[in-house]
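Colleague: Generate a structure from the sequence data that follows.
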Amino acid sequence: MKKILYASLAIAALASPALAADMRAPVTKAPPIPAPIYTWTGCYIGGNVGWGRTETRITDFETGLDDGRHTADGIVGGGQVGCDYQFASNWVLGVQGVFDAAGFSGSHVSPLEPDETFRSRTRWFATLTGRLGFLATPNLLLYGKAGWGWVNQRLTVTDDSGTVFTADHSNFNGPDVGAGFEYMVMPNWTLWVEWDHIFARDKTVNFVGFEPERVRRDFDKVLVGINWRFGAISGRGY
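Modeller: Here you go, the predicted structure:
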């Protein structure tokens with residue numbers, strides 16, 4: 001009996017190291033990578049390209065009769081800078097400046113004086129606006145904007161002899177309103193699309209060597225842009 005007991009103990013002692021070797025250490029999974037916390041607070045700089053359109057309407061200065069109108073449109077492009085502040089979780093308030101070059105022309109023959117032709121060439125525009133936006137998702141901003149816009153437009157009238165008379169000033173300006181959306185595609189980089197309209201008041205324009213005219217101009221633009229933001233992601237949450 002003792003021999004059987006001793007043999008059993010010996011077998012158990014020999015088997016223990018093998019069993020211990022077969023036992024695996026418990027596997028611990030790494031914690032999931034936390035989702036980024038987006039913040040829109042900060043400043044940015046970027047570029048844009050798009051389409052612009054002016055409408056120029058002439059009114060005879062002496063009679064007040066409609067002297068015709070024309071439109072001109074084409075490609076525009078330039079840059080923008082601005083700063084935003086995110087508040088109340090889902091709201092973003094900001095200010096933005098845009099400057100773009102242009103180069104499109106248009107013309108029309110006067111219906112009152114068929115020997116006269118009015119021409120315009122839009123050369124650049126700039127806007128300074130405030131923005132107020134709502135975050136539909138942490139990285140999708142829907143916004144409206146309002147401020148002031150300036151457009152540089154060379155305006156001339158040519159008579160039947162071919163003489164060109166140039167307006168004594170080129171700029172027109174007025175309130176600017178618009179709307180758009182901006183999407184944060186990756187840390188510190190956003191893409192945006194917006195539409196704006198600049199309302200210009202009627203203005204008396206003096207053509208050097210020619211009679212003055214009343215001129216009304218409006219400007220529309222649709223832009224697509226990219227911004228590089230400073231501190232677009234502040235950290236990661238758990």
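
Colleague: residues touching Phe104, list them.
Modeller: Residues near Phe104 by C-beta atoms under 8 Å, 6 or more residues apart in numbering: 52, 54, 72-75, 121-122. Every C-beta, even on glycine, is put in place using the N, C-alpha and C of the backbone.

Colleague: ranges for the strands of this structure?
Modeller: For the chain, the strands defined by DSSP state E occupy 36-38, 42-60, 66-87, 91-109, 117-137, 140-158, 164-166, 171-186, 189-199, 203-205, 213-229, 233-236.

Colleague: Output those as TSV; include the columns mean pLDDT.
Modeller: Listed next are the strands of the chain as TSV, based on pLDDT from 0 to 100:
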stretch	mean pLDDT
strand 36-38	66
strand 42-60	97
strand 66-87	97
strand 91-109	97
strand 117-137	97
strand 140-158	97
strand 164-166	96
strand 171-186	95
strand 189-199	97
strand 203-205	92
strand 213-229	96
strand 233-236	45
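
Colleague: Return the residues in contact with Gly133.
Modeller: 91-94, 141-144, 182.

Colleague: For Thr163, see how far away the nearest residue to Gly64 once chain neighbours are set aside is.
Modeller: Using C-beta to C-beta, 6 or more residues apart in numbering and skipping the chain neighbours, the partner closest in space to Gly64 is Arg214 (7.8 Å). Using C-beta to C-beta, to the nearest Å, we find Arg214 at a distance of 22 Å from Thr163.

Colleague: Neighbour count for these two, which is higher?
Modeller: Under the criterion of other C-beta atoms under 10 Å, the comparison of Arg214 against Thr163 puts Arg214 first, with 16 against 10.

Colleague: For that one, name its beta-bridge partners.
Modeller: Beta-bridge partners for Arg214, by DSSP bridges, are Thr59, Thr204.

Colleague: was I right about Asp168 contacting Thr204?
Modeller: No. Assessed by C-beta atoms under 8 Å, Asp168 is found out of contact with Thr204, at 10.5 Å.

Colleague: By neighbour count, which of the contacts of Gly133 wins?
Modeller: Most surrounded of the contacts of Gly133: other C-beta under 10 Å gives Leu141, at 26 neighbours.

Colleague: Fine by me, thanks again.
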